[in-house]
Each structure stands twice: as structure tokens, then as C-alpha cells.
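Trainee: below are the sequence and a predicted model for it; my questions follow.
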Amino acid sequence: MSGPECCSNPPVLNPNGGAGHVEKLAALNSYLTGSPDSNVALLLISDIFGYEAPNLRNLADKVAAAGYYVIVPDFFHADPYNPENTNRPLPVWLKDHGPDKGFEDAKSIIDALKSKGVSVIGAAGFCWGAKVVVELAKSRLIQAAVQLHPSFVSVDDIKGVDIPIAILGAEIDKMSPPELLQQFEQVLTAKPGVDSLVKIFPKVSHGWSVRYDKKDAEAVKAAEEAHQVLLNWFAKHLK
């Protein structure tokens, strides 16, 4: 279920990065950015490298600038995947940090947001986080969803979704190859009452929207295009 693509281009984590701040929400450290007075919140659910990834926090700040209250929780409880730790290869690490546990934590985050007066919630998930997002979508705990280069998401998962969902995939991706995304698209287009978008980005690889090199102009351009699709989707569906 997991391959080397999930581990490529690991970020250099920075606990102090971003324009926002870290505080506890539902007993989870979370990076918070944007106005806490907004009644529209967005959850950004990280890949296996966790919530301290600089590109992810920069994206959270960009989304917050569009008017959302943005939450990036630490679903790994200070234990993101470390490719240099040979004692805990990815399959071993995943036993402690399955998306099912992320889903349970995400429900607590959503309850905490609602208790603060948030009435509309969307979620975007990256790689590992996409599986958490699809579970939130199937449970109708969010109003709109975006998946970016998803991992672990199945056709049956997509069959269970009946809220607006956008799926952004990479042309070069063994975790969720274009053939699988096309199956997702077939399932979604058979649901006329569910607004959906499936977009395959050419010439990019799994993880491109958050694990890109800032010095690579083409990589930055592709990532920013994905970010804009995400922003447009939530602008359309989170009112």
C-alpha cells in the first residue's frame, strides 16, 4: 500500500515556520493561521512528514489570506515519519499512525471547531491525509473536500462520497496512478447531484503540491496551480 514515492523529497521540518502559531486544539498541537472569528474553517491534513513542513504551512497561510480560519493538526503526536530512522521503516511507522487514527483525531478537531462557533468546514488532504479527508467526506463531517496526490484511497471510498470533492493527481504516480483517478472520475460523474473535479497534472510526481523545491521554477509553478484549484474549489463550495 505504501511505496518509495511517499517518502521522496522529505521536507526540512521547522516547528517555528509560518505566519500563524501553534496551540492545542482538542488535545492536539495544531498550526493555526487566519482569523479565529471566521465561521468558515479549513483543515489541512498533512502527508507522512507532518504539520511542521514549511511548504504546507506556507500553503496554510495562503489559504488563510483568502479569508479562512486554517488548522493544520499534528495527527502524528510529535512523531512524523523520519526516513533516516532505519529502525522504523514506513510500514512499521504506519502501524502506529494509520489514517484510521487520523480520522478519529479529526473528528475531535471538528467538534472543537464547532464549539467555537465555526459552522462551515472544509478539508484538504495530502497523500496520507487524503485518506483521512475521504473518511470525513463519507461521514459528512465536512462540507467540501480536496484530495491531492492521494494515498490509500480506493474506488469504494469514492463511491461513499456525496459532498463536493476535487481530486488532484499526478501524471507520474504509482500510489494513485492516472488509471485509478480515472476510475474515481467515472464513479463521481455517475453521481449527478455531487459536484466533482478530477484533474491530473502533467509532468509532475506524487507529492508535487507540497514537497517541491522552491528553487525549481517549474515545480513551484505546478504546485501553485494546484493551490489555486484548491482555493477555487473551496470558494465555490464553502459559503
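Mentor: Looks like it arrived, so ask away.

Trainee: where do the helices sit along this protein?
Mentor: 54-65, 90-96, 99-115, 128-138, 155-159, 178-189, 217-237 (DSSP state H).

Trainee: what is the third one packed up against?
Mentor: Counting contacts by 3 or more C-beta pairs under 8 Å, 6 or more residues apart in numbering; DSSP states H and E, helix 99-115 is packed against strand 21-25, strand 28-33, strand 40-45, strand 69-73, strand 120-126, helix 128-138. In this view, the C-beta of every residue, glycine as well, is placed from N, C-alpha and C.

Trainee: and of those, who's closest to residue 210?
Mentor: Nearest to residue 210, of all the helices and strands packed on helix 99-115, is strand 120-126, at 5.3 Å by C-beta to C-beta.

Trainee: and that closest one, what does it pack onto?
Mentor: Using 3+ C-beta pairs under 8 Å, 6+ apart, the elements in contact with strand 120-126 are strand 40-45, helix 99-115, helix 128-138, strand 144-148, helix 217-237.

Trainee: mean confidence for that strand?
Mentor: Averaging pLDDT along strand 120-126 gives 98.

Trainee: for the most centrally placed residue in the chain, give the beta-bridge partners.
Mentor: Against the mean C-alpha coordinate of the chain, by C-alpha atoms, centre = their mean, the closest residue is residue 125 at 1.5 Å. Applying DSSP bridges to residue 125 gives these bridge partners: residue 45, residue 147.
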